[in-house]
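S.K.: sequence-free structure coming up:
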């Protein structure tokens, strides 16, 4: 399926507003594919207000929401060693009232939880303003809202 940025943001808002927690979502794709756009939209839908910077340099941001959900946004692009995720509190992620969004999850592939969603985004080769998306379920994560 293909979509533009407003459609991606709309679906991300729906995910954040409707998904049952805890949930872990891996966001895959090349630089500029829309991973951070989707992560911010999910956080907004979950009730996060204020500035949402990319965690590229800090690797992890935690955002409390107005719905008593914590949104964790990780960007593992700069991760040198997959075992470094333990310093980020990896063991506790995906428990309780949490939405965990992981950009570049392949950097710690073997440590990812059994129950999760993986969303792969890519530029549409026919239209640079549109993206393609592949959504894959692993294990038994909470149901994602349908793509509108």
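M.R.: Nice, thanks for sending it over. Keep in mind that what you see is a predicted model, and the values were worked out from it rather than measured.
S.K.: how about the strands of this protein, start to end?
M.R.: Taking DSSP state E as the criterion, the chain carries its strands at 2-4, 23-28, 60-64, 70-75, 98-103, 116-124, 127-138.
S.K.: just those strands: most buried one?
M.R.: Neighbour counts (mean count of other Cβ atoms under 10 Å) averaged over each of these peak at strand 98-103, with a mean of 26. Bear in mind the C-beta positions are built from the backbone N, C-alpha and C, glycine included.
S.K.: strand partners (parallel or antiparallel) of that strand?
M.R.: strand 23-28 (parallel), strand 70-75 (parallel) (DSSP bridges).
S.K.: tell me the mean pLDDT over the first one?
M.R.: It stands for strand 23-28. What strand 23-28 shows for mean pLDDT is 96.
S.K.: do the same with the last one
M.R.: The average pLDDT within strand 70-75 is 92.
S.K.: sorry, back to before: dump the strands paired with strand 98-103 to a markdown table, plus distance to residue 102.
M.R.: Formatted as a markdown table, those follow (distance: least, Cβ to Cβ, whole Å):
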| stretch | distance to residue 102 |
| --- | --- |
| strand 23-28 | 5 |
| strand 70-75 | 5 |
